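Visitor: Sharing a model that was predicted from the sequence below.
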Amino acid sequence: MIQSPSLLITDDDLDFRETLRSVFEPRGFRTLLARDGQEALDIVRRQDVHLLLLDLNMPRLGGLETLRRVKRYKALMPCIILSGGLDDALVQQARDERAFSILSKPVSCREITSAVESALWQAYHWRP
């Protein structure tokens, strides 16, 4: 059983990353931040990450390709996709790549915390 889950928040928008950090750290989560998919992959390879929050549209390496690569060596780690520009094709691609959840930006605090807690419960039987 994990005590304090690690969340990797990956988004090219610094303000959004910091906002999510300010939501999750007071709730006891350890937060890691990445500005793009490549940086996220580097962190996932080096550190213990329990859940990945991932924007779809980023420079260098986008969300779907990052999700594909992460799932190759951390198949069971839940990944939650966030995007301001979702359409049916992107949602289906994210599902095909085994995203745990797909959320549309702007996302409410309640919606994101609920998705994270649900993912952590299903993957690790963790409750806050």
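Guide: On my side now, so go ahead. Numbers count the residues shown, from 1 in each chain.
Visitor: quick one: contacts for the residue nearest the centre of the chain?
Guide: By C-alpha atoms, centre = their mean, the chain has its centre lying nearest to residue 53, at 1.3 Å. With contact taken as C-beta atoms under 8 Å, 6 or more residues apart in numbering, residue 53 is in contact with 7, 8, 9, 10, 11, 20, 79, 80, 82, 112, 116. Backbone N, C-alpha and C define where each C-beta goes, glycine included.
Visitor: Let me know the pLDDT of the fifth one.
Guide: Model confidence at residue 11, given as pLDDT, is 97.
Visitor: May I ask you to confirm that it is in contact with residue 40?
Guide: No: between residue 11 and residue 40 there is no contact under C-beta atoms under 8 Å: 9.7 Å.
Visitor: Neighbour count: these two, which is higher?
Guide: residue 40 (30 against 26; other C-beta atoms under 10 Å).
Visitor: Can you classify the more buried one by secondary structure?
Guide: Following DSSP: H, G, I helix; E, B strand; the rest coil, we place residue 40 in the helix state.
Visitor: Look up how far residue 32 lies from it.
Guide: Counting by C-beta to C-beta, to the nearest Å, the gap from residue 40 to residue 32 is 9 Å.
Visitor: where do the contact lists of the two overlap?
Guide: residue 8.
Visitor: Now do the SS call for residue 116.
Guide: helix.
Visitor: which non-adjacent residue is nearest it?
Guide: Among residues not flanking residue 116 along the chain, residue 51 sits closest, at 6.2 Å (C-beta to C-beta, 6 or more residues apart in numbering).
Visitor: before we move on, back to that, just the element for the residue nearest to the centre of the chain, please.
Guide: strand 51-55 (DSSP states H and E).
Visitor: Report the strands that pair with that strand, each with its relative direction.
Guide: Taking DSSP bridges as the criterion, strand 51-55 pairs within the sheet with strand 6-10 (parallel), strand 79-83 (parallel).
Visitor: before we move on, the earlier item: local confidence estimate at the residue nearest to residue 116?
Guide: pLDDT, residue 51: 98.
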